[in-house]
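Student: need a structure here:
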Amino acid sequence: MPFLGQDWRSPGWRWVKTEDGWKRCEPFSPALEDVNNQLKDISHTVLATLDTENYIVWKSVYIITGDDEDEAIYSTEDCEFAAKKRKKDHCMNNTQRFYREKWIYVHKESTRERHGYCTLGEAFNRLDFSSAVQDIRRFNYVVKLLQLIAKSQLTSLSGAAQKNYFNILDKIVQKVMEDQYNPRLIKDLLQDLSSTLCILIRGVGKSVLVGNINIWICRLETILLWQQQLKNLQMNKQVNNGLTLIDLPLHTLRNILHRLSDGWDVITLGQVTPTLYMLSEDRQLWKKLCQYHFAEKQFCRHLVPSEEGHIDWKLMYFALQKYYPIKEQYGDTLHFCRHCSILFWKDYHLALLLKDTGHPCTASDPDTCLMPVSPQHFIDLFKF
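Tutor: Model prediction:
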């Protein structure tokens, strides 16, 4: 029986990426000739811009190869390839690339259908965190996740994930500088990140740092520059002739304060006006904060009585915060489908209008399989 296919001992077909997609290379193909001409133009342009040091390397190749025509051809191809790679690396290092996948499949072991497993760096790379930074509901969530990664998981990220991490961090800093939104969160994040990098750089050789040490030193210098910019950040005074916060009645201001779940936000709002300061010192407000974040057994162990013999709930809140974690509250989070093992961002507008679950779910009732994922739970998903 004749063998009609390609010889099994051959390396296979050659493919070239064009503007219309991938095309198979054929002998004397016009498409292949056009691609080769483009590559030659790029290589000549790159070689023309090489500095003196690279020119010496280029010249030394010909000196080593001598008069052998075949070796000269191979050396020329190697130098052209190296020049193109340098140009590509330069463009990649100076270009911020963000991934915009709405969902990923979280697989922890190999199966007959899938091989390998999903890592923390891969999930961080593929999920759309760049757009989440622009969403005010997801901003705090992303910042908290970056802070947890900075504290314990930075060395577990791949080189591409670390690069994406700092690109997103740069986007967050620029947003805070422009919108002046919640600079306290990003200050805490940069403080934790700089402390981690100082420890890692000092212990280089003992810990795993992906990339050159000079890259990490440059990143640390960038973080210090960001910290200085945030330190010098001046809040713009908004000019508004309409209704302001001061014009609201007392019961409305009290309700606003009771809606806050973070003690630092209560203190910050209390510094706006004397009326808000008086309302922010309310014992019942701090008592509800303690009861919301901590169990009764916890704050019974750390009672802080005042001079009058009453319980100082404000001091107790910050005392308990040192021993126990407070409840995290976010406007929007990542979700995990227990049926499909898919991690995804849920678009509530599409969910209401089109009944879209945010991922290709095969469950009969997808809403019963969904669970919100906290930043710590996101990291725990990829611990094997």
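Student: residue ranges with poor pLDDT in the stretch 201-350 of the chain?
Tutor: Regions of the stretch 201-350 of the chain meeting the criterion pLDDT under 70 cover residues 203-208, 238-241, 304-309, 348-350.
Student: What segments of it are helices?
Tutor: Taking DSSP state H, counting those that start in this stretch, the helices of the stretch 201-350 of the chain run over residues 213-231, 250-259, 263-270, 274-280, 283-293, 296-301, 313-323, 348-353.
Student: in the fourth one, what's buried?
Tutor: Which is helix 274-280. If you call a residue buried by 16 or more other CB atoms under 10 Å, then helix 274-280 has these buried ones: 276, 279-280. Where you see a C-beta, it was placed from the backbone N, CA and C, and this is true even at glycine.
Student: I would like the residues contacting it, please.
Tutor: With contact meaning CB atoms under 8 Å, 6 or more residues apart in numbering, helix 274-280 is reached by 245-246, 250, 253-254, 257, 266-267, 269-271, 285.
Student: run the last query once more with 7 Å
Tutor: Helix 274-280 is contacted by residues 253-254, 257, 266-267, 269-271 when judged by CB atoms under 7 Å, 6 or more residues apart in numbering.
Student: The first one now?
Tutor: With CB under 7 Å, 6+ apart as the test, helix 213-231 has contacts from 166, 173, 176-177, 183, 186-187, 190, 193-194, 197, 201, 204, 209.
Student: For ChimeraX, write the selection for the buried entries among those residues.
Tutor: Selection of buried members from the contacts of helix 213-231 for ChimeraX, criterion 16+ other CB under 10 Å:
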select :166,173,176,183,186,187,190,193,194,197,209
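Student: Filter the contacts of helix 213-231 down to just the ones in helices.
Tutor: Among those, DSSP state H puts 166, 173, 176-177, 183, 186-187, 190, 193-194, 197, 201 in helices.
Student: which of those lies closest to N125?
Tutor: Among those, F166 lies closest to N125 (CB to CB), at 12.7 Å.
Student: Distance-wise, check the closest one relative to R138.
Tutor: Distance of F166 to R138, computed by CB to CB, to the nearest Å: 19 Å.
Student: returning to what we had before: please pick the buried ones from the contacts of helix 274-280.
Tutor: Looking at the contacts of helix 274-280 with 16+ other CB under 10 Å, the buried ones turn out to be 253-254, 257, 266, 269-270.
Student: Out of these, which comes closest to L289?
Tutor: Lowest distance from L289 to the buried ones among the contacts of helix 274-280 (CB to CB) belongs to V266, with 7.5 Å.
Student: for the closest one, what are its contacts?
Tutor: 257, 260, 280, 285.
Student: what's the most distant pair in the contacts of helix 274-280?
Tutor: Largest separation among the contacts of helix 274-280 by CB to CB: R254 and Q271, giving 16.7 Å.
Student: quick one, strands of the stretch 51-200 of the chain?
Tutor: For the stretch 51-200 of the chain, the strands defined by DSSP state E, counting those that start in this stretch cover 103-105.
Student: quick one: low-confidence parts of it?
Tutor: The model of the stretch 51-200 of the chain has pLDDT under 70 over residues 51-100, 108-117.
Student: The buried residues of helix 274-280 into a markdown table, with extra columns for distance to G331?
Tutor: Below are these laid out as a markdown table (distance: CB to CB, whole Å):
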| residue | distance to G331 |
| --- | --- |
| L276 | 23 |
| L279 | 24 |
| S280 | 23 |
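Student: Nearest to L233 among those residues?
Tutor: L276 (22.2 Å).
Student: From N255, how far off is the closest one?
Tutor: 13 Å.
Student: before we move on, the earlier item: for V142, state which of the contacts of helix 213-231 is nearest.
Tutor: V142 lies nearest to I186 out of those, by CB to CB, at 10.7 Å.
Student: ok, the closest one to H377 distance?
Tutor: Taking CB to CB, one finds I186 at 22 Å from H377.
Student: Also R283?
Tutor: 34 Å.
Student: residues in contact with R338?
Tutor: Contacts for R338 were tallied using CB under 7 Å, 6+ apart; they are 369, 371.
Student: Quick check: phi and psi at it.
Tutor: Main-chain dihedrals, R338, degrees, to the nearest 10: phi -70, psi -30.
Student: any idea how far G211 is from C340?
Tutor: As judged by CB to CB, G211 and C340 stand 35 Å apart.
Student: So which of those two has more stuff around it?
Tutor: Counted by other CB atoms under 10 Å, G211 and C340 do not tie: C340 has more neighbours, with 20 against 11.
Student: Can you lay out the contacts of helix 274-280 as JSON lines showing distance to K327?
Tutor: What follows is the contacts of helix 274-280, written out as JSON lines (distance: CB to CB, whole Å):
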{"residue": "L253", "distance to K327": "24"}
{"residue": "R254", "distance to K327": "22"}
{"residue": "L257", "distance to K327": "18"}
{"residue": "V266", "distance to K327": "15"}
{"residue": "I267", "distance to K327": "18"}
{"residue": "L269", "distance to K327": "19"}
{"residue": "G270", "distance to K327": "21"}
{"residue": "Q271", "distance to K327": "24"}
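Student: what about the spatially closest residue to F166 that is not a sequence neighbour, neighbour count?
Tutor: Spatial nearest neighbour of F166, chain neighbours left out: R219 (6.1 Å); criterion: CB to CB, 6 or more residues apart in numbering. Other residues within reach of R219, judged by other CB under 10 Å, total 20.
Student: Please apply the same query to H251.
Tutor: Using other CB under 10 Å, H251 has 8 neighbouring residues.
Student: and Y105, what is it in contact with?
Tutor: 341-342.
Student: what is it paired to in the beta sheet?
Tutor: Using DSSP bridges, the bridge partners assigned to Y105 are I342.
Student: Relative to I379, how far out is it?
Tutor: Taking CB to CB, one finds Y105 at 18 Å from I379.
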